[in-house]
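Student: Please find the sequence and the predicted model below.
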Amino acid sequence: MSGHVAAGCLGLIGVQTLVSDDLEIIRRVLHGEVDRFAELIARYQQHVAKITNGHVPPDRVAEVAHDVFVRAYTSLSSFSGQSRF
C-alpha cells in the first residue's frame with residue numbers, strides 16, 4: 001500500500017516519516033502488540049476502499065477490503081520493509 005500523507009505533509013520527509021511509522025507499527029505487531037495493527041487499518045482503509053471500489057461491485061467493497069487487511073496481517077512476517085506497506 002502506498003504511503004499515506006496527511007494534509008500539510010506533502011514533502012518527501014513526510015512520506016519517509018510515515019513509512020518509518022508503518023515499519024515501527026509492523027515491528028511492534030510482530031513482537032506481540034497485535035492491537036497496533038488497527039493503526040495501519042485506520043491509516044489505509046480509505047485507500048484500500050478506493051482501489052477496491054474500482055474493481056468489485058459496491059456491495060462487496062467492505063468484504064474485499066476486509067480480506068485485504070486479513071491477508072496483510074497474516075503476511076506481516078514476510079514483509080521485508082524494502083517497499084512501502
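Tutor: Now that the structure is in, tell me what you want to look at.

Student: so residue 79 makes contact with residue 26?
Tutor: Yes: using C-beta atoms under 8 Å, residue 79 is in contact with residue 26, at 6.1 Å. C-beta coordinates here come from the backbone N, C-alpha and C atoms, glycine included.

Student: Overlap in contacts, those two.
Tutor: Residues touching both residue 79 and residue 26 by C-beta atoms under 8 Å, 6 or more residues apart in numbering: residue 85.

Student: between the two, which one's more packed in?
Tutor: residue 26 (19 against 14; other C-beta atoms under 10 Å).

Student: what helix or strand does the more buried one sit in?
Tutor: Using DSSP states H and E, residue 26 sits within helix 12-30.

Student: any idea which helix or strand comes after that helix?
Tutor: With elements assigned by DSSP H and E, the helix or strand that comes after helix 12-30 is helix 37-53.

Student: on contacts alone, who are the packing partners of that next one?
Tutor: helix 12-30, helix 61-74 (3 or more C-beta pairs under 8 Å, 6 or more residues apart in numbering; DSSP states H and E).

Student: In the protein, what helix or strand scores lowest on average pLDDT?
Tutor: Ranked by mean pLDDT, DSSP states H and E, the weakest helix or strand in the chain is helix 12-30, scoring a mean of 72.

Student: what about stretch 72-85, how long is it end to end?
Tutor: Using C-alpha to C-alpha, to the nearest Å, one end of stretch 72-85 lies 9 Å from the other.

Student: From residue 26, how far out is residue 73?
Tutor: Shown here: residue 73 relative to residue 26, a distance of 10 Å by C-beta to C-beta, to the nearest Å.

Student: just for the protein, where's the confidence low?
Tutor: For the chain, the stretches with pLDDT under 70 are 1-20.

Student: count of neighbours near residue 27?
Tutor: Residues contacting residue 27 under the criterion other C-beta under 10 Å number 13.

Student: Please disregard the earlier target; I meant residue 49.
Tutor: So residue 49, with other C-beta under 10 Å, has 15 neighbours.
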